[in-house]
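# prediction below, plus the sequence it came from.
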Amino acid sequence: MPRRINRVATVSLHTSPLDQPGTGDAGGMNVYIVETAKRLAERGVEVDIFTRATSRALPPVAELAPGVLVRHVVAGPFEELDKTDLARHLCGFTSGILRVEAAHDPGHYDLLHTHYWLSGQAGDAAKRRWGVPLVHSMHTMAKVKNAALADGDKPEPDARVLGEEQVVASADQLVANTAKEARELIDLYGADPARVATVRPGADLRLFRPERSPRRGGPARRRLGLPRDAYVLLFVGRIQPLKAPDVLLRAAARMLADDPSLRSRLVVAVVGGPSGSARCRPEGLQTLAAELGISDVVRFEPPSPQAELADWYRAADVTVVPSHSESFGLVAVESQACGTPVVASRVGGLCTAVADGESGVLIPGHDPADYAAVLRRLEDPAVHARLARGAVRHARSFGWDATVDALLDVYTGAMSRPTALVPQVTV
């Protein structure tokens, strides 16, 4: 009889689940942690999420939802730090986690689930002290990112590669978003196939759903101040070279060069904030729009709460996800759930998130001319309607409840096996 799981310690060192996705280091991983934690709690599994405190004003403990606590651990200065600077504060962060557990009776946590390699480093030390299984989700991997760098992006450092290799070796179970990511863990990091499980992320299908309107985008466009007859192209996410929003802007410029009459109704909406290497030049995308002569058709918006984000998806004709690397691509699934087709790069998890030719179009490479040609083709009402119907059908298989079902199976399996211990490696 498998042991009941009562309480899980989730670790997200470098970004808080309370942060707004779409800027800084907050993105799909934040959404994943929040949505799975809430649904685990609904099933009677309490979740404590450990993250680094970035402000003195943050309370030591905050309730995210009934049964879900966010614990702010003091480690390093009270400010946002670049991920490359966080490794030096790992000891302090790990000590903070261990102190919380030490204040309770032994066996307070049944299992650790860490997210991103830095958290995995802290989780390895905690699992040794507590004698509980360590489940780890990479979300992104240095070796994969370095193989597909965008122009102007910096390669991930060797310290991260070594840290990831150590986490792969020490985790009792690795959770991959897609079968492709599972293969990368095995082929690039030497993971034991028996310890790799594929669990697809999801979308909140109660929130992200098509608009109830005879004319697509009507009420949502009114709320967002968009013309009813506009052709709206949408980018959602962190503005950084990896996500390649510049490809959409260059494609839009190409579309206008090919058909100047389109200028009167084309709207390119960019919803997100600067992240990664773009933080040092946050105005870079606006400068590019001006250089391309399309500032009049580009609308820059800050990161949006989930309800407003659903309006953006419903208001758009097409969501464009031209990333150079993507472990999954929650934006693609959320958009399709709203009935909006996706044009995306044929990379990583996007090959799972988008059904090519059915719910959207996958494009090999990042040539703006290729994107422009596809986006012009989707102006055809018949083509768009077919893909919009396919988008809703495809997204129905990506609910968070299915994700949590699979995660609970992973947790139960990890708890039924002896905890793996390997020699520690200093990063």
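Received it, and whenever you're ready, just let me know what you need. It should be emphasised that the depicted structure is a prediction, and the values quoted were computed from it without experimental measurement.

# when you work out contacts or count neighbours from here on, use the C-alpha atoms and nothing else.
Fine.

# residue boundaries of the strands in this structure?
7-11, 46-52, 61-65, 68-73, 111-115, 134-137, 173-176, 196-198, 231-236, 266-271, 298-301, 318-321, 342-345, 360-363 (DSSP state E).

# in a markdown table: those strands, plus mean pLDDT, distance to Ala251 and mean neighbour count.
As requested, the strands of the chain are exported to a markdown table (pLDDT from 0 to 100; distance: least, C-alpha to C-alpha, whole Å; neighbours: other C-alpha atoms under 10 Å):
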| stretch | mean pLDDT | distance to Ala251 | mean neighbour count |
| --- | --- | --- | --- |
| strand 7-11 | 98 | 39 | 24 |
| strand 46-52 | 98 | 39 | 25 |
| strand 61-65 | 97 | 40 | 15 |
| strand 68-73 | 97 | 41 | 23 |
| strand 111-115 | 98 | 34 | 26 |
| strand 134-137 | 98 | 34 | 28 |
| strand 173-176 | 98 | 32 | 26 |
| strand 196-198 | 98 | 34 | 21 |
| strand 231-236 | 98 | 11 | 25 |
| strand 266-271 | 98 | 10 | 22 |
| strand 298-301 | 96 | 12 | 15 |
| strand 318-321 | 98 | 11 | 27 |
| strand 342-345 | 98 | 12 | 28 |
| strand 360-363 | 98 | 13 | 22 |
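
# could these be laid out in a markdown table, adding distance to Asp259?
Shown next, in a markdown table, are these (distance: least, C-alpha to C-alpha, whole Å):
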| stretch | distance to Asp259 |
| --- | --- |
| strand 7-11 | 50 |
| strand 46-52 | 50 |
| strand 61-65 | 49 |
| strand 68-73 | 51 |
| strand 111-115 | 46 |
| strand 134-137 | 45 |
| strand 173-176 | 43 |
| strand 196-198 | 44 |
| strand 231-236 | 13 |
| strand 266-271 | 11 |
| strand 298-301 | 17 |
| strand 318-321 | 18 |
| strand 342-345 | 20 |
| strand 360-363 | 22 |
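
# nearest to Ala406, of these?
strand 196-198 (8.6 Å; C-alpha to C-alpha).

# can you list contacts of the closest one?
Applying C-alpha atoms under 8 Å, 6 or more residues apart in numbering, the contact partners of strand 196-198 are Gln173, Leu174, Val175, Ala176, Asn177, Thr178, Ala179, Ala182, Leu185, Val410.

# partner strands of that strand, parallel or antiparallel?
For strand 196-198, the paired strands and their directions (DSSP bridges) are strand 173-176 (parallel).

# from the chain's centre, how far out does the partner strand sit?
On the basis of C-alpha atoms, centre = their mean, to the nearest Å, strand 173-176 is displaced by 16 Å from the centre of the chain it belongs to.

# closest to Lys143 out of the contacts of strand 196-198?
Using C-alpha to C-alpha, the contacts of strand 196-198 come closest to Lys143 at Leu185, 9.8 Å.

# which residues touch the closest one?
Contacts of Leu185 by C-alpha under 8 Å, 6+ apart are Ala191, Val196.

# for the residue lying closest to Asp401 once chain neighbours are set aside, give its distance to Ala65.
Among residues not flanking Asp401 along the chain, Arg39 sits closest, at 7.1 Å (C-alpha to C-alpha, 6 or more residues apart in numbering). In this structure, Arg39 and Ala65 are 10 Å apart, going by C-alpha to C-alpha, to the nearest Å.

# then Gly107?
From Gly107 to Ala65 the distance is 23 Å (C-alpha to C-alpha).

# how many residues are close by Arg209?
Arg209 has 23 neighbours, counted by other C-alpha atoms under 10 Å.

# pLDDT score assigned to Pro214?
Looking at Pro214, its pLDDT reads 50.

# then Leu421?
So Leu421 comes in at 60 (pLDDT).

# before we move on, what about the one 5 residues further on?
Thr426 carries a pLDDT score of 48 in this model.

# going forward can the numbers begin at 25, since that is how I track them
Sure thing, new numbering starts at 25, so read that last one as Thr450.

# now for Val85: which residues touch it?
Leu93, Val94, Arg95, His96 are the contacts of Val85 under C-alpha under 8 Å, 6+ apart.
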